[in-house]
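K.L.:
would you be able to build a 3D model of this:
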Amino acid sequence: MQPEPYFFSVIIPTYARPKQLAVCLEALARLNYPRDRFEVIVVDDGSEAPPEPVVKLFRERLSLTLLAQPNSGPACARNTGAWQAKGEFLAFIDDDCAPAAGWLESLAARLTGTRNTIVGGRTINALPHNLFAATSQLMTDAVYAYYNNDVGRANFFTTNNMAVPAAAFRTLSGFDTSFPFAASEDREFCERWLRQGYHTAYAPEAIVNHAHDLTFLGFCRQHFIYGRGALHFHKVRAGRGWEPINPDSNFYFHLFSYPFARSNRRRALLLEVLFALSYAAYTAGFLWEKIQRTVRGQPGGQAKGKQGGPLGSTRQTTKSRPST
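P.N.:
I've put the predicted structure just below:
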């Protein structure tokens, strides 16, 4: 008798974060979900020290595959995992995330009986005492509250908590690998998905805990990279003949008022300062990328290769956000 095919293939891109990866795999090993119904695919994005010693610890507890590729960015790593996946659905998570015990169970409940539907879950900051991590997650929460207000017609999901039908994902050729770092490739994919006439659903009960230990410089670098990704996103859209995105004043009012609805006045004021700092870094990244493209002579072209900037390496995994 043939075993049932996997319902989920959980795909984890990783780069030089063995401790975080171990926490992620431990949480996956403790899921309240049948072990024979999901596989886990770890894709190493060119780490100098491959994560095989970490993966080896979990091979008896999970159906686990380790793939490796030259350093090409998380969009390419996710695609690498997706092309090898055997599951009916692809569940994406990051190596610094730990899913709650009911994560796959909650996603499965939303996906069963649907066709061509992305389901995105809720991400919670696992480091509440790290103000920079808390600020970044709060900004994502604000984006979700605005763009995903209709849970049956959401607009945007981050790739650290998202499940998608494997066949439809491959039909759309996966994530756009011209994005050289983890910024806006999720935004682009969600828009392309919706333009195809496919569906989305927000599942806040599908919880992932995100432990991104940010410093002041890391926070600035993260939002600088978001700005660089946003410029590339605009260029990709323009190259496809899509209509330009106009600034949404209602969104910005919602975003900057959001801390006061979630925190006491003193903390909210501090969060507002960090929100403003994030947008200064975001704008700097946007302008930096624009200048670099002009210097390279590719004002409307594709970004090529790993690129640095005044705030350092772009390899660190980050999430994007809709804005400009």
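K.L.:
go ahead and flag the most central residue of the chain.
P.N.:
Residue closest to the average C-alpha location in the chain (Cα atoms, centre = their mean): T159, at 2.8 Å.
K.L.:
who does H210 bridge with?
P.N.:
C97, N125 (DSSP bridges).
K.L.:
burial measure for it, as a count.
P.N.:
22 (other Cβ atoms under 10 Å). Just so you know, the C-beta spots here come from the backbone N, C-alpha and C atoms, and that holds for glycine as well.
K.L.:
off-centre distance for the helix or strand bottoming out on mean pLDDT in the chain?
P.N.:
Within the chain, no helix or strand scores below helix 249-262, which has a mean of 89 by mean pLDDT, DSSP states H and E. When C-alpha coordinates are averaged (Cα atoms, centre = their mean, to the nearest Å), helix 249-262 and its chain have centres 22 Å apart.
K.L.:
so the helix ranked longest in the chain versus helix 249-262, what angle?
P.N.:
Looking across the chain with DSSP state H, the single longest helix is helix 265-296. Using axes from the mean of the first three to the mean of the last three Cα atoms, to 10 degrees, the inter-axis angle of helix 265-296 relative to helix 249-262 is 140 degrees.
K.L.:
buried sites along helix 265-296?
P.N.:
268, 271-272, 274-275, 277-279, 281-282, 284-286, 288-290, 292-293 (16 or more other Cβ atoms under 10 Å).
K.L.:
could you do stretch 62-78 as well?
P.N.:
Under 16+ other Cβ under 10 Å, the buried positions of stretch 62-78 are 62-67, 69, 71-78.
K.L.:
circling back to that earlier point, what residues does the residue nearest to the centre of the chain make contact with?
P.N.:
P74, R78, F92, D94, F175, A182, E185, D186, F189, K319 (Cβ atoms under 8 Å, 6 or more residues apart in numbering).
K.L.:
change it to 6 Å
P.N.:
The contact partners of T159, taken as Cβ atoms under 6 Å, 6 or more residues apart in numbering, are F92, D186.
K.L.:
got the contact list for the closest residue to G285 other than its chain neighbours?
P.N.:
Nearest non-adjacent residue to G285, counting by Cβ to Cβ, 6 or more residues apart in numbering: G227, 2.6 Å away. If you count contacts by Cβ under 6 Å, 6+ apart, G227 has them with Y282, G285, F286.
K.L.:
tell me the domain ranges of this structure?
P.N.:
8-215, 219-296 (automatic domain parsing).
K.L.:
tell me which of those is the most buried.
P.N.:
Most buried of these by mean neighbour count (mean count of other Cβ atoms under 10 Å) is domain 8-215; its value is a mean of 20.
K.L.:
what separates it from the chain centre, distance-wise?
P.N.:
With Cα atoms, centre = their mean, you get 7 Å for domain 8-215.
K.L.:
now it: mean pLDDT?
P.N.:
Averaged across domain 8-215, pLDDT comes to 94.
K.L.:
gap between the two ends of that domain?
P.N.:
Chord length of domain 8-215, first to last residue, is 34 Å (Cα to Cα, to the nearest Å).
K.L.:
got it, and stretch 106-118?
P.N.:
First-to-last distance for stretch 106-118 - Cα to Cα - comes to 13 Å.
K.L.:
name every strand pairing with the helix or strand harbouring V40 and say which way it goes.
P.N.:
For V40, the element it lies in under DSSP states H and E is strand 38-45. Sheet pairing for strand 38-45, assigned by DSSP bridges, gives strand 8-14 (parallel), strand 64-69 (parallel).
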